[in-house]
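> Give me the fold of what follows.
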Amino acid sequence: MGIGMLAAPWVVWTSLAAGGAQHAAGSAVIGSAGFDHPVASWIEVEAHSGVGGLGESKDGTALLRIGAGGRITPVHSEFRPFLYAGLAHWHTVSYPDLKRAPASNIMGDSNAGMHHRTGGEVGIGFSWPTLIEDDLPWSHKLRSEVRLSTVILPDNMGPGKYLFGEISLGYVF
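Numbering: from 1, shown residues only. Below is the predicted model of the structure:
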C-alpha cells in the first residue's frame, strides 16, 4: 500500500502550547493531544483537542480547543518543515462562571456563561525524529515537533487574535 492508504504511518502526539491574546492581560497555556496522517506525498491531515486557560488565575478564562486541518510537508522526509491551516473551535468560560455552574459549563451550556467561538488557525513548524538512546526498542518511533501558530476567532466574545508557540512529542504507528 502506498501513501494515503491505511498502511501509511499515523502519528499520535501530545503537546504544550503557550502564548497570549491581542489586547488581553496574562498569558495562555493549553495542553493538547492529537494525530496526523499522510494522505498524499506532500499532504497530511491533522486533528487535535486540548484544555487550558488564559489570563489571571482568579478572573481568567478556561478554554477547550478543538481543531482540524491540513499540513503541506514532505511526508517521506525524516526532517519535515510544514505549513498548517485549519479550522479552530473553542469553548471559553470565565473562571467565576465555571465555579458558579461547573456542570452546566462542562456540558457546553451557553446560558451558564460558555462561549462557542469558531475561526481559523495558520502556522509553521518543523518535525524531526526524537534523538534519544538507540538501544531502546521504541526510540525510533518517537517524533518531536515545534510550531508557531496564529488563531483568529472573529467574534465579539473575547480577544480575536492569539499567538502560540507549541512543542509536541509523538509516537509513530
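> Now do the strands in the protein.
Secondary structure of the chain (DSSP state E): strands at 11-21, 28-40, 43-54, 61-72, 80-94, 115-129, 142-152, 161-172.
> The closest residue to Asp109 other than its chain neighbours and Leu16: what is the separation?
Leaving aside its sequence neighbours, Asp109 sits nearest to Ala101 (Cβ to Cβ, 6 or more residues apart in numbering; 7.5 Å). Quick note: C-beta positions are derived from backbone N, CA and C, even for glycine. Distance, Ala101 to Leu16, by Cβ to Cβ, to the nearest Å: 28 Å.
> Could you do Ala62 as well?
Going from Ala62 to Leu16 by Cβ to Cβ gives 16 Å.
> Mind checking which of these two has more residues around it?
The neighbour count for Ala62 versus Leu16, taken as other Cβ atoms under 10 Å, is higher for Ala62 (20 against 15).
> Surely the more buried one touches Pro96?
No: the pair Ala62 and Pro96 does not pass the contact test of Cβ atoms under 8 Å, sitting 10.6 Å apart.
> show me what contacts the nearest residue to Ser32 once chain neighbours are set aside?
Leaving aside its sequence neighbours, Ser32 sits nearest to Gly50 (Cβ to Cβ, 6+ apart; 2.9 Å). Residues in contact with Gly50 (Cβ atoms under 8 Å, 6 or more residues apart in numbering) are Ser15, Ala17, Ile30, Gly31, Ser32, Ala33, Gly34, Leu64, Arg65.
> Output those residues as a markdown table; include the columns distance to Ala24.
Listed next are the contacts of Gly50 as a markdown table, based on distance: Cβ to Cβ, whole Å:
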| residue | distance to Ala24 |
| --- | --- |
| Ser15 | 22 |
| Ala17 | 16 |
| Ile30 | 14 |
| Gly31 | 20 |
| Ser32 | 20 |
| Ala33 | 25 |
| Gly34 | 25 |
| Leu64 | 18 |
| Arg65 | 16 |
